[in-house]
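[1] quick one, structure for this:
(one chain, ligands or ions: 2)
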Amino acid sequence: MYKRIEQSNDYKFIPMTSLRDRLGEEVTEDVYYYTDQIANVIFVGKPKSNDWVLIDAGLPYGGNKIRKIAEKRFGEGSKPKAIILTHGHFDHVGGLIDLVKEWQVPVYAHELELPYLTGKKSYPEPDGNVEGGLLAKISPMYPNEPINLGNAVQALPVNQEVPILSEWHWIHTPGHSSGHVSFFREKDGVLIVGDAFITVRQDSFYNVLMQNPEVNGPPRYLTTDWDAARDSVRNLEKLPIQIVVPGHGPVMSGKELKEGLTKLVQEFDQLAIPDYGQYVDHENHFH
Ligand SMILES: [Zn+2]
Ligand SMILES: [Zn+2]
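    Ligands and ions are numbered 1, 2, ... in the order given. This next block holds a predicted model:
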């Protein structure tokens with residue numbers, strides 16, 4: 001039994017939704033994703049098998065829904081071999097404490113993300129004054145205090161291998177958070193990118209609601225290191241990506257993805273970096 005597992009002090013339901021809420025879609029025969037309100041939760045493993053992994057855990061109070069989806073796909077009472085995190089923001093760990101209590105399975109995250117998952121450190125306050133839409137303005141209500149997974153969480157192996165998922169590698173993609181990682185499978189070019197880049201304009205209420213696919217930089221209100229975020233997107237663009245499963249927004253592939261990503265890399269400072277905000281270093285980004 002895992003001990004000392006606690007929700008964050010500012011855990012609360014976030015009244016936000018999108019047209020994809022509760023929709024699921026198979027990406028490949030062993031990659032499935034489901035949208036919890038506004039964030040994607042990914043299941044890697046063949047249907048009806050017992051060998052599967054959950055990537056990210058949705059928004060607060062999302063745990064039960066995730067468990068039901070998992071049972072539908074993998075069978076009654078099924079639980080993953082592990083839960084692996086792209087990063088520890090509230091909209092990726094919302095159901096996590098409940099799921100770990102229920103499933104008693106190990107959680108993995110990048111070493112630099114562990115303080116935010118073991119009650120040691122709060123994330124920086126979301127920037128409600130950043131250039132952006134309504135969802136950026138209300139971002140100060142989002143939880144930023146740490147959850148505590150105690151001894152249930154451990155660091156990803158340093159050799160970039162992903163536990164259980166032998167065909168996958170993790171790639172350090174900092175910027176949005178310091179220990180942010182993405183997961184790539186060479187064989188079919190599937191990238192589970194987290195929030196390193198996403199396919200919806202996450203600060204806009206309208207765009208989040210409609211979920212029209214469009215390659216975008218990381219969510220503005222929580223991104224604290226834009227230079228690192230730019231490097232991360234550049235590194236990802238060099239990979240032979242066929243299809244991307246983002247933390248926010250629908251799956252994208254083919255020409256639409258390729259062109260969108262190329263444009264994001266070329267015009268990162270104009271497209272992704274806000275013109276103003278507390279985490280923007282103005283001297284670097286005059287254009
Ligand atoms: Zn995030
Ligand atoms: Zn997110």
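[2] switch to C-alpha atoms for all contacts and neighbour counts from now on
    OK.
[3] residues contacting the residue nearest the centre of the chain?
    Nearest to the geometric centre of the chain sits residue 194, at 3.4 Å (CA atoms, centre = their mean). Counting by CA atoms under 8 Å, 6 or more residues apart in numbering, residue 194 touches 86, 87, 180, 181, 182, 245, 246, 247, 248.
[4] okay, and which of those residues map to strands?
    In strands, judged by DSSP state E, the following of the contacts of residue 194 are found: 181, 182, 245, 246.
[5] distance of the second one from residue 87?
    When CA to CA, to the nearest Å is applied, the distance between residue 182 and residue 87 equals 9 Å.
[6] part of a strand, is residue 258?
    No - under DSSP: H, G, I helix; E, B strand; the rest coil, residue 258 sits outside any strand and is assigned helix.
[7] burial check on it, number of neighbours?
    18 (other CA atoms under 10 Å).
[8] gap between it and residue 111?
    As for residue 258, its distance to residue 111 is 31 Å (criterion: CA to CA).
[9] same check, this time on residue 204
    31 Å.
[10] which ones are touching residue 69?
    So residue 69 contacts nothing (CA under 8 Å, 6+ apart).
[11] make sure residue 221 is actually in contact with residue 136.
    Yes - using CA atoms under 8 Å, residue 221 is in contact with residue 136, at 5.6 Å.
[12] list residues touching both of these two?
    127, 128, 130, 203.
[13] how many neighbours does the closest residue to the second one other than its chain neighbours have?
    Same thing as residue 128. Nearest residue to residue 128, sequence neighbours excluded (CA to CA, 6 or more residues apart in numbering): residue 137, at 4.4 Å. Residue 137: 18 surrounding residues under other CA under 10 Å.
[14] can you pull the pLDDT of residue 137?
    Listed pLDDT for residue 137 reads 89.
[15] what residues are up against it?
    Applying CA under 8 Å, 6+ apart to residue 137 gives the contacts 127, 128, 129, 130.
[16] pLDDT at the second one, what is it?
    For residue 128, the model assigns a pLDDT of 91.
[17] where does it land in three-state SS?
    Relying on three-state DSSP, one would call residue 128 coil.
[18] next one: it from residue 87, what distance?
    Residue 128 sits 21 Å away from residue 87, going by CA to CA.
[19] neighbour count winner among these two?
    residue 87 (31 against 21).
[20] ok, that one touching residue 175?
    No - applying CA under 8 Å as the test, residue 87 and residue 175 come out as separate, 11.1 Å apart.
[21] ok, residue 221 and residue 136, which is more surrounded?
    Each of residue 221 and residue 136 has its neighbours counted (other CA under 10 Å); residue 221 has more, 27 against 22.
[22] for residue 140, see how far away the closest residue to that one other than its chain neighbours is.
    Leaving out its chain neighbours, the residue that sits closest to residue 221 by CA to CA, 6+ apart is residue 127, at 4.8 Å. Separation of residue 127 from residue 140 (CA to CA): 7 Å.
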